[in-house]
Structures are given as C-alpha cells and as structure tokens.
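Asker: Give me coordinates for this.
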Amino acid sequence: MLNPSFEIKTGSTETAAAGAAEPITKIAYDIGSGGIKTTVISKILQKDGNVEEVVLDKRLPIQFARNLRLNKGQFSPDIVKLAIDSLKAFISEICNSSSDQKIEHYAVATAAFRQAENGKEVVQEISEAVGFPIDIISYKQEGLLAYYSAKTKLSEDKIIFDLGGGSMQFVYKSPDDALQIAGIDLGVETFTGELQKSLNNSTVSLNPFSEEKYQLAQNVAMKLIDQSIADMGSLKSLIKENLPVMCVGAVHNVAIYPIIEKIVGAGVSYSADNLEKTIMALLDKSDEELLAVEENINFAQILLPTLILSLAMMQRLGISQMQPLNVSNTLGLLQDIPVPFLSPARDLKKYC
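Answerer: A predicted model of the protein is given here:
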C-alpha cells in the first residue's frame, strides 16, 4: 500500500485473472506556474489475487511564475533548487512505498517555462536531476490535457476553462464536433506583472486595493483580454447558447470559488455579479486582513488580481455562470489516449 500521508481520492478492485493490468505505479507531474501538481495511480497486487487501484493527489507549492515576475524573466537558482529538492523527496517517498513495482513517470511543464528566458535550460537541469524527461508543452497541448482530465468527470461535452498563473485556455467542441482550443498567454501572475507596470509598483503584493486601483486593474484586464479574443467567435457563439462553462485547475478550485462561496454563498456555480460583490468586499484590505479569508499567503497576495482577471474574462465573453470542476491536468496525462507530444514513459525504479 502507498504511504498513508498521501490523500486517497478514489479506489477500485479488479481481478488479476480476469485480465487486469499488471501491478504498476504511474505518476503524472504538471509543473505549472504556481507549483507542481502530481497524481499517482497505483495498481497493487493483493494476496487474494485481486488488483487494487489507488489514486492519490499531491501538490508541491512552488511559485515559478512569481519568481519569474520578480526576477526579470528568468528563474532564480533558488527556485530551481527548491523544485529539484521537492521532486526528489516526493519521488523517494513514492518509491519507498511502492515496493518492487514498476514505476512510470509522465511530466510536462507549462506557461512559466514557455515564457522564461532560461525555461529550456531549467527544465533540462530538473530533468537530469530527477532522471526522467519533462516536456515543455504549448498552450494548445495544455488545453488538450485539461479537456481529457475534465472528461474523466463529465458525461457530456461542455466548455472547459483553465485559468493558470501564466496562461488560460478554453476547450470546446465546435458544431461539426471538432475539438477547438483557444488560449491566451495571460494568467494571474502575468496579469499581476502588467498591473505592477501600470502602477509603477514592483512589490510582491499589490494589496490593499482601493476602489480607484480596482478600476485601473479592471481597465488593464479588459484591454489585455480585448487584444486576445478577436478570433474566439465560435466560442462566443456557444456561450450565447448557454453551454455550461466548467472551470478546472487550482486557481478556480483553490482560490476563486472557495472565496466567493465564503463571502456571498454562490452555490454550485457563480456569476459575474457574485465575483464583483466578492471583489468589493475585499477592497482596502491588507495581506494580513486577507489571510482571514484566504489562509495561503501566496494566494492572498494575488487574490484581488485573480478575481479581477476572472471577472473581466466573464464580462468580455458574456459568460453568465461558471461552475468549478475539481480536477487536475495530471489526470489527462494518465488517460489511455494518444498524447503525441509526450516523451516515452520510462521505468525509473533505478532512480529511487
């Protein structure tokens, strides 16, 4: 059995003699702008001949995009060391828990690594240190993973919206059933960086937000979004038809939705009006005051820019409601689907 310090999310049992897959542990890594998200799927052979499947999630909080924003477009040696040390500790724990099972690793890096001047070099350094390949993927490939991850929880096609620290993607089916991916290299941290320029303020946190600062931030968000959505006509048409918009990823499920629920009680979905009321309730609050509603200081420092950017996107695309879907892109990496951009999996037990 895997180490109990990991949260068990789901489980199932199947009979090995009936053609179940060989005992194996597969680990997916999504090295994103705000941290490393991991999913472990382990098929464990039991004494009775059954194979038990255990699925576990863990997040390693590493602020890659913020480090990039504060270091003039390059990752610092400290953040690289933190990433390597965190991954090695995580891998060691999994290897020690998985006995002699075969272990496969699947890893991707996203927007922050696309944008960093030294992104390729850093990914190569991390890859060599941990012993498995890491692919820097495009926003379209990122959207594809979000779509297949969401499909594990949805019975029918809906619009999938993934807002991250360095980019955002909308994934949807067009009327002719073709998969469409619309993306913008604009996320919470990159938007905060643009706000810093407009305010001539280079501090980590822009809190507190006055009503005047909020209006300026809203104008900056609208301008940046307007520059990017001109070719999203088919998406706008589906939104007008009220096709549900499902929000995936940590920004929505850890930062945006819990705060809205706490302040205005949104229910299973939230509206632009819910977002605006939440923003107004959080104006003129310092980092310390915001910690009363958001316990994670890293989220508290960018909470207002996160809410403002999300509201601007809803308003510009005419989205009436957004519904959180608690799923990570790592699930998409582990689905039995062709992922042509991913390096071949390797059995890396020898690296443990």
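Asker: where do the strands sit along the chain?
Answerer: 7-15, 24-32, 35-45, 50-60, 102-109, 135-136, 159-163, 168-173, 179-184, 245-248, 270-271, 321-324, 346-347 (DSSP state E).
Asker: quick one: the fifth one to strand 35-45, angle?
Answerer: To tie it back to what came earlier, the one meant is strand 102-109. Note on geometry: by axes from the mean of the first three to the mean of the last three C-alpha atoms, to 10 degrees, strand 102-109 and strand 35-45 are set 160 degrees apart in direction.
Asker: Grab the nearest non-local neighbour of F191.
Answerer: For F191, ignoring the flanking residues on the chain, the nearest one in space by C-beta to C-beta, 6 or more residues apart in numbering is L309 at 4.8 Å. (Each C-beta comes from the backbone N, C-alpha and C, glycine too.)
Asker: just to revisit the earlier point, with mean pLDDT, distance to L70 and mean neighbour count added, can I get the strands of the chain in JSON lines?
Answerer: Formatted as JSON lines, the strands of the chain follow (pLDDT from 0 to 100; distance: least, C-beta to C-beta, whole Å; neighbours: other C-beta atoms under 10 Å):
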{"stretch": "strand 7-15", "mean pLDDT": "37", "distance to L70": "31", "mean neighbour count": "12"}
{"stretch": "strand 24-32", "mean pLDDT": "93", "distance to L70": "17", "mean neighbour count": "24"}
{"stretch": "strand 35-45", "mean pLDDT": "88", "distance to L70": "16", "mean neighbour count": "21"}
{"stretch": "strand 50-60", "mean pLDDT": "84", "distance to L70": "20", "mean neighbour count": "18"}
{"stretch": "strand 102-109", "mean pLDDT": "91", "distance to L70": "19", "mean neighbour count": "23"}
{"stretch": "strand 135-136", "mean pLDDT": "94", "distance to L70": "21", "mean neighbour count": "18"}
{"stretch": "strand 159-163", "mean pLDDT": "96", "distance to L70": "21", "mean neighbour count": "27"}
{"stretch": "strand 168-173", "mean pLDDT": "94", "distance to L70": "21", "mean neighbour count": "24"}
{"stretch": "strand 179-184", "mean pLDDT": "91", "distance to L70": "22", "mean neighbour count": "18"}
{"stretch": "strand 245-248", "mean pLDDT": "96", "distance to L70": "27", "mean neighbour count": "24"}
{"stretch": "strand 270-271", "mean pLDDT": "94", "distance to L70": "31", "mean neighbour count": "21"}
{"stretch": "strand 321-324", "mean pLDDT": "94", "distance to L70": "29", "mean neighbour count": "20"}
{"stretch": "strand 346-347", "mean pLDDT": "42", "distance to L70": "34", "mean neighbour count": "14"}
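Asker: Which among the ones you listed is found nearest to S237?
Answerer: strand 168-173 (10.2 Å; C-beta to C-beta).
Asker: Could you export the strands of the chain to JSON lines, including columns for distance to N96?
Answerer: Listed next are the strands of the chain as JSON lines, based on distance: least, C-beta to C-beta, whole Å:
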{"stretch": "strand 7-15", "distance to N96": "17"}
{"stretch": "strand 24-32", "distance to N96": "12"}
{"stretch": "strand 35-45", "distance to N96": "13"}
{"stretch": "strand 50-60", "distance to N96": "14"}
{"stretch": "strand 102-109", "distance to N96": "11"}
{"stretch": "strand 135-136", "distance to N96": "27"}
{"stretch": "strand 159-163", "distance to N96": "33"}
{"stretch": "strand 168-173", "distance to N96": "36"}
{"stretch": "strand 179-184", "distance to N96": "39"}
{"stretch": "strand 245-248", "distance to N96": "31"}
{"stretch": "strand 270-271", "distance to N96": "42"}
{"stretch": "strand 321-324", "distance to N96": "34"}
{"stretch": "strand 346-347", "distance to N96": "17"}
